[in-house]
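1. here's my sequence, what's the structure:
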Amino acid sequence: MTEGSTVIEVAGVTKRFGKVTAVDNVGVALKEGEFFALLGPSGCGKTTLLRLIAGFEMPDAGRILLDGKDITRLRANRRPVNLMFQSYALFPHMTVRANVAYGLEMDRLPRGEIRDRVDDILRMTELVDLADRKPDQLSGGQRQRVALARALVKRPRVLLLDEPLGALDKKLREQMQLELKKLQHDLGITFVVVTHDQDEALVMADRIALMKDGVIAQAGSPRDLYENPASRFVAGFIGVSNFFEGAVGPDGLAVDGHGLLKADVPGALTAGSTACLAVRPERITLSRDAALADHTGVAGEIVDLAYHGQDVNLLVRVAGVDAPVMVRLTAAQEEQGNFQPGQRAWCNWRPDHGRILTD
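-> All right, here's what the predicted structure looks like:
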């Protein structure tokens, strides 16, 4: 198979549990050698979809194809895919080497081939020096790498990962995100990861499918979902957005008390219909003077300031807007502006940085 060709195709798949439809007519194609993330809140159907691909659940409708062949009814142990569970499920009485070799031994491969393949994957996952230790002698990150090595040593066409970093602390999780991405790139195997952490998906994935209520709300590159959200749900789940409610006009959104906030109007929206304007915090320029030329914006009062080291988040209370508007500045920008709670300020942004959306 060539890079970019379809390795897994999910075609019109539906899965119900009693009266609950967990996955509803989902269609998506996973490409050869890509890192694909299934992202969404709890209960959105992402784990069920992963289990359908793995063969641990059978769909009520639709098909699942691997390299163009229908595997919909093929049992999990007959599919050339491997699922790594969040718990890692390592054998506590076995060494790292024995844990990694276990699957190959169950497949009754020749001893020499098992040894060579285990040695290769231990080197690739930087576990050679830990090969004789048992799981209780390892850190969380090391156990995660052992589980990865055990899954990868079988050379699956696709590796499925269910919240693989969920058990790690924040700093280690961020480190392992980069390690996991590098490992996937070096191996060239298609990875499909389930996560509820949007930052994790943005860092690791080549493409993301954001799910809601059993359907895919939007699929695309991390940059596409962040910069061009298709709905208010996507804009609110991927990153942080400020929302202004109003009525669609010919050149933007008319917001009570603030006039017309200029933005491109999607062709599907009609004048006068209700919508919202989404603006990212880092796209807003804060000024204590009037609105900047060639910008659109709103006036308000700074009510809070949160220091995050290199960034500073300022909250601006704006009349008629339910939540304070968040503005993200670099520490240098905030220091230069000398912004303080209680000051009146203008939130300005370029019209092309605002996006008119519906639910």
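2. and the helices in the stretch 251-359 of the chain?
-> Under the criterion DSSP state H, counting those that start in this stretch, the stretch 251-359 of the chain contains helices at 331-337.
3. which residues sit against the helix or strand Met176 falls within?
-> In this structure, Met176 sits in helix 170-187 according to DSSP states H and E. Contacts of helix 170-187 with the rest of the structure, by CB atoms under 8 Å, 6 or more residues apart in numbering, involve 35, 124-125, 139-141, 144-145, 148, 152, 164-165, 168, 191, 200, 203-204. No exception for glycine: its C-beta is placed from N, CA and C like everyone else's.
4. stretch 239-254 now?
-> Here stretch 239-254 has contacts from 198, 202, 226, 229, 232, 235-236, 255-256, 258, 260-263, 265, 269-281, 284, 296, 298, 321, 323, 325-326, 351, 354, 356, using CB under 8 Å, 6+ apart.
5. the one helix or strand Ala149 maps to versus helix 170-187: what angle between them?
-> Secondary structure assignment for Ala149, by DSSP H and E: helix 140-152. In terms of direction (axes from the mean of the first three to the mean of the last three CA atoms, to 10 degrees), helix 140-152 departs from helix 170-187 by 30 degrees.
6. adjust the sequence numbering to begin at 61 for everything that follows.
-> Got it, the first residue is 61 from now on, which makes the last one we talked about helix 200-212.
7. chain center to helix 200-212: distance?
-> Between the centre of helix 200-212 and the centre of its chain there are 21 Å (CA atoms, centre = their mean, to the nearest Å).
8. same for it, what does it pack against?
-> strand 141-144, helix 156-166, helix 171-184, helix 230-247 (3 or more CB pairs under 8 Å, 6 or more residues apart in numbering; DSSP states H and E).
9. out of the contacts of stretch 299-314, which end up buried?
-> 258, 262, 286, 289, 292, 295, 315, 318, 321-323, 325, 335-341, 344, 356, 358, 381, 385-386, 414, 416 (16 or more other CB atoms under 10 Å).
10. near the residue lying closest to Gly163 once chain neighbours are set aside, how many other residues are there?
-> The shortest distance from Gly163 to any non-neighbouring residue, by CB to CB, 6 or more residues apart in numbering, is to Lys214 (5.1 Å). Applying other CB atoms under 10 Å, we find 18 residues neighbouring Lys214.
11. Lys214 touches Glu165, doesn't it?
-> No. In this structure Lys214 lies outside contact range of Glu165 using CB atoms under 8 Å: 11.1 Å.
12. contact partners for the spatially closest residue to Phe151 that is not a sequence neighbour?
-> Counting by CB to CB, 6+ apart, the nearest residue to Phe151 once its immediate chain neighbours are dropped is Asn159, at 5.6 Å. Each residue near Asn159 by CB under 8 Å, 6+ apart is listed here: Leu150, Phe151, Pro195, Val206, Arg210.
13. for the closest residue to the first one other than its chain neighbours, give its distance to Ala211.
-> Read that as Leu150. Once flanking residues are discounted, Leu150 sits nearest to Pro195: 4.5 Å by CB to CB, 6+ apart. Per CB to CB, to the nearest Å, Pro195 is found 15 Å from Ala211.
14. any idea how the protein splits into domains?
-> 66-287, 301-417 (automatic domain parsing).
15. picking that back up, quick one, which of the helices and strands packed on helix 200-212 is packed in tightest?
-> strand 141-144 (a mean of 21; mean count of other CB atoms under 10 Å).
16. now for that strand, which elements pack on it?
-> helix 106-114, helix 200-212, strand 218-222.
17. show me the beta-bridge partners of Val308.
-> Leu313 (DSSP bridges).
18. next, count neighbours for it.
-> Count around Val308 with other CB under 10 Å applied: 21.
19. that one and Val73, how far apart?
-> From Val308 to Val73 the distance is 35 Å (CB to CB).
20. kindly report the same for Val363.
-> 47 Å.
21. okay, these two: which has more neighbours?
-> Set side by side, Val363 and Val73 show more neighbours around Val73, with 23 against 14, by other CB under 10 Å.
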